[in-house]
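> Quick one, what's the 3D model for this:
(chains A, B, C and D)
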Number of protein chains: 2
Amino acid sequence: MADKNNIAKTKVKVPEHSIRRLSVYLRYLYSARDNSDFYVSAPNIAKELNFDPTQIVKDLSLTGIKGKPRAGYNTFELIQAIEDYLNFDKSNRAFLVGAGSLGSALISYPQLESFGIKIVAAFDIDPEKTGKLIKRVNVLPVSQMPELAKRLKVEIGILTTTAEAAQQATNLMVESGIRAIWNFAPINLKVPDDVIVQNTSMYSNVAIMLKKLQASKQS
Amino acid sequence: MADKNNIAKTKVKVPEHSIRRLSVYLRYLYSARDNSDFYVSAPNIAKELNFDPTQIVKDLSLTGIKGKPRAGYNTFELIQAIEDYLNFDKSNRAFLVGAGSLGSALISYPQLESFGIKIVAAFDIDPEKTGKLIKRVNVLPVSQMPELAKRLKVEIGILTTTAEAAQQATNLMVESGIRAIWNFAPINLKVPDDVIVQNTSMYSNVAIMLKKLQASKQS
DNA sequence: TAGATTGTTAATCGATTAACAATC
DNA sequence: TAGATTGTTAATCGATTAACAATC
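I've put the predicted structure just below:
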């Protein structure tokens, strides 16, 4: 049954909570490294980030790293282990579709490359926008996407169009062979079973923040 | 113990998963309403968004709404119930700090207002940026923040500065009486126990997407 | 050695899913 | 009435936390 398949596929099982935390640890580890801290321990990180130390130990063990009792983990090895586990090997080329203000902001977002995503081209339907450069990234007409995707073996698409244009842009990405879509458009995309959609809704974060604010007022 | 207190306070207990989903349902319900669907049922929404129907029923019950067996929920009542539950009453005024490309993108982000946030002013330290307008929002020097926050009773801050400027900007927001900070800067902010920080890290989403992509290739 | 930290196993907690009765 | 859907209670599942042994 196609529908059931779809649900199954959408939920490729990965330990989301741990992965989310690992990316937070990683950010801290970069600064520790720059700070010449050669060893970091779980209680160390925990104190800095206000996390639970045993949870950190458990998360880190996912990457297969071995730490030294008393000392902690070698900072360089730990960074390498997390980067490997999260596939941040810098070869993940991505297209950005929708060169509006959010798209431009993402192209400029700091360190996105060290987090495994390299934006190699941007696309737009608006002829006003195409033919220009945004921080060394070319903005091309969408018609060039399928051919370029195949040539450059691009598997990742970042969707920053309006909600109205999003589904059509998605269809084109799928036709071009894109396997994973990082979606910022506030709409539920329809994709084939084997395409991954990562929704980044601004709204859900707003909702959670407002709810916490309300809860904090009541106590 | 201050540290323990901090941990406790950071985790004001709200059903995060349900809230996140409710905001997704809401977005769909707006389109259903515009489409003149006067009644929607859980299996209805489930099919459209690829969710589990019983989970939807459970989530919706959080808002206190009563549905009709066989028919479902009145669309207007349901929208109202979710908006009430999530405090989207449109009176949540917010300051935006850091008028760079991401800040501008957020000011232009569609429907943010219907999701409970109204950006009433933007701030920047760069004199090049202050004194201008971004889509009807004034960009002011940060020095004006404390006084204006008190006058307008602003409790929410949106932080879109660089990582380097983020902590200082945060301190100023806290001094100004901001109670909740929606943080886009890739850094762990230090705040007093009673201030809520909602981190929106781009990186964690990248990490999860890459991990899913890898997992899907292995099956 | 003593003490701090890792690493593993067990207990708890919360969220999701399943089952089914109530009801329009 | 029959059937679809709500709504509630129970079972399952996964994630977090606690406990403690191993080790440097």
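> hey, let's count contacts and neighbours off CA atoms from now on
Fine.
> Kindly provide the distance from the residue nearest the centre of chain A to chain B.
Chain A has residue A:182 as the residue nearest its centroid, 7.1 Å off, counting by C-alpha atoms, centre = their mean. Remark: distance between residue A:182 and chain B (C-alpha to the nearest C-alpha, to the nearest Å) = 7 Å.
> That residue and residue A:158 touch, don't they?
Yes. With contacts counted by C-alpha atoms under 8 Å, residue A:182 reaches residue A:158, the gap being 4.7 Å.
> those strands in chain A, which residues are they?
A:39-40, A:73-74, A:93-97, A:118-124, A:133-134, A:137-141, A:156-159, A:180-183, A:196-199 (DSSP state E).
> for the last one, the distance to its chain's centre please.
Relative to the chain's own centre, strand A:196-199 is displaced by 10 Å; criterion: C-alpha atoms, centre = their mean, to the nearest Å.
> Provide a list of residues in contact with the residue nearest to the centre of chain A.
For residue A:182, the contacting residues are A:156-159, A:197-200, B:206, B:209, by C-alpha atoms under 8 Å, 6 or more residues apart in numbering or on different chains.
> same deal with residue A:18?
Residues in contact with residue A:18 (C-alpha under 8 Å, 6+ apart) are residue A:59.
> measure it to DNA strand C for me?
Distance check for residue A:18 against DNA strand C: by C-alpha to the nearest atom of the strand, to the nearest Å, it reads 13 Å.
> Give me the pLDDT for that residue.
For residue A:18, the model assigns a pLDDT of 97.
> one step back: most tightly surrounded among the strands of chain A?
When you average the neighbours per residue for each of those (mean count of other C-alpha atoms under 10 Å in any protein chain shown), strand A:156-159 leads with a mean of 26.
> tell me which residues of the longest helix along chain A are tucked away?
Counting by DSSP state H, the longest helix found in chain A is helix A:16-34. If you call a residue buried by 16 or more other C-alpha atoms under 10 Å in any protein chain shown, then helix A:16-34 has these buried ones: A:16, A:18-29, A:32-33.
> Equivalent analysis for stretch A:69-78, please.
Using 16+ other C-alpha under 10 Å as the test for burial, stretch A:69-78 gives A:72-76, A:78.
> Just the closest of those to chain B, please.
residue A:78 (16.2 Å; C-alpha to the nearest C-alpha).
> Am I right that that closest one is in contact with residue A:64?
No. The pair residue A:78 / residue A:64 is not scored as a contact, 9.6 Å apart, by C-alpha under 8 Å.
> give the contact list for the residue nearest to residue A:146 when sequence neighbours are not counted.
Leaving aside its sequence neighbours, residue A:146 sits nearest to residue A:176 (C-alpha to C-alpha, 6 or more residues apart in numbering or on different chains; 4.2 Å). Shown in contact with residue A:176 (C-alpha under 8 Å, 6+ apart): A:145-147, A:149-150.
> hmm, which of those residues are the buried ones?
A:145-146, A:149.
> I'd like to know how far residue A:14 sits from residue B:103.
32 Å (C-alpha to C-alpha, to the nearest Å).
> Who has more neighbours out of these two?
Legend: neighbour count by other C-alpha atoms under 10 Å in any protein chain shown for residue A:14 and residue B:103, higher for residue B:103 (24 against 14).
> give the contact list for the more buried one.
B:96-97, B:160.
> quick check, nearest of the residues you listed to DNA strand D?
Proximity of the contacts of residue B:103 to DNA strand D (C-alpha to the nearest atom of the strand) peaks at residue B:160, which lies at 26.4 Å.
> Once you drop chain neighbours, what's closest to that closest one?
residue B:98 (4.9 Å).
> ok, now how distant is the one you found from DNA strand C?
Residue B:98 is 33 Å from DNA strand C, where distance means C-alpha to the nearest atom of the strand.
> and that residue, how many neighbours?
Counted with other C-alpha under 10 Å, the neighbours of residue B:98 add up to 26.
> hang on, it packs against residue B:126?
No. In this structure, residue B:98 is not within contact of residue B:126 by C-alpha under 8 Å, at 9.0 Å.
> Do a quick rundown of the helices in chain A.
Along chain A, counting by DSSP H, helices occupy A:2-10, A:16-34, A:42-49, A:53-61, A:75-85, A:101-107, A:145-152, A:163-175, A:202-218.
> Wondering if the last one reaches chain B at all.
By that I understand helix A:202-218. Yes. Helix A:202-218 comes into contact with chain B (C-alpha under 8 Å from any C-alpha of the partner chain), by way of A:203-216.
> Show the average pLDDT along that helix.
91.
> by contact count, what packs against that helix?
Applying 3 or more C-alpha pairs under 8 Å, 6 or more residues apart in numbering or on different chains; DSSP states H and E, one finds that helix A:202-218 contacts helix B:16-34, strand B:180-183, strand B:196-199.
> what stretches of chain A score poorly on pLDDT?
A:1-11, A:219 (pLDDT under 70).
> go again using 90 as the cut-off
Applying pLDDT under 90 to chain A flags the ranges A:1-13, A:89-91, A:109-115, A:193, A:201-202, A:216-219.
> in the sheet, who's paired with the residue nearest to the centre of chain A?
Beta-bridge pairing of residue A:182 under DSSP bridges involves residue A:158, residue A:198.
> how about TSV for the helices of chain A, with distance to residue B:83 added?
As requested, these are arranged in TSV below (distance: least, C-alpha to C-alpha, whole Å):
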stretch	distance to residue B:83
helix A:2-10	28
helix A:16-34	27
helix A:42-49	33
helix A:53-61	35
helix A:75-85	40
helix A:101-107	26
helix A:145-152	40
helix A:163-175	21
helix A:202-218	10
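> So which of these is the most surrounded?
Taking mean count of other C-alpha under 10 Å, helix A:101-107 is the most buried of the helices of chain A, at a mean of 21.
> Enumerate every residue touching residue A:100.
Shown in contact with residue A:100 (C-alpha under 8 Å, 6+ apart): A:160-161.
> Same check on residue A:187?
Residue A:187 sits next to A:163, A:166, B:27-28 when contact means C-alpha under 8 Å, 6+ apart.
> Adding distance to DNA strand C, write those out as a markdown table.
Listed next are these as a markdown table, based on distance: C-alpha to the nearest atom of the strand, whole Å:
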| residue | distance to DNA strand C |
| --- | --- |
| A:163 | 25 |
| A:166 | 26 |
| B:27 | 18 |
| B:28 | 19 |
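> out of the residues you listed, which one sits closest to residue A:52?
Nearest to residue A:52 among these: residue B:27, at 34.6 Å, using C-alpha to C-alpha.
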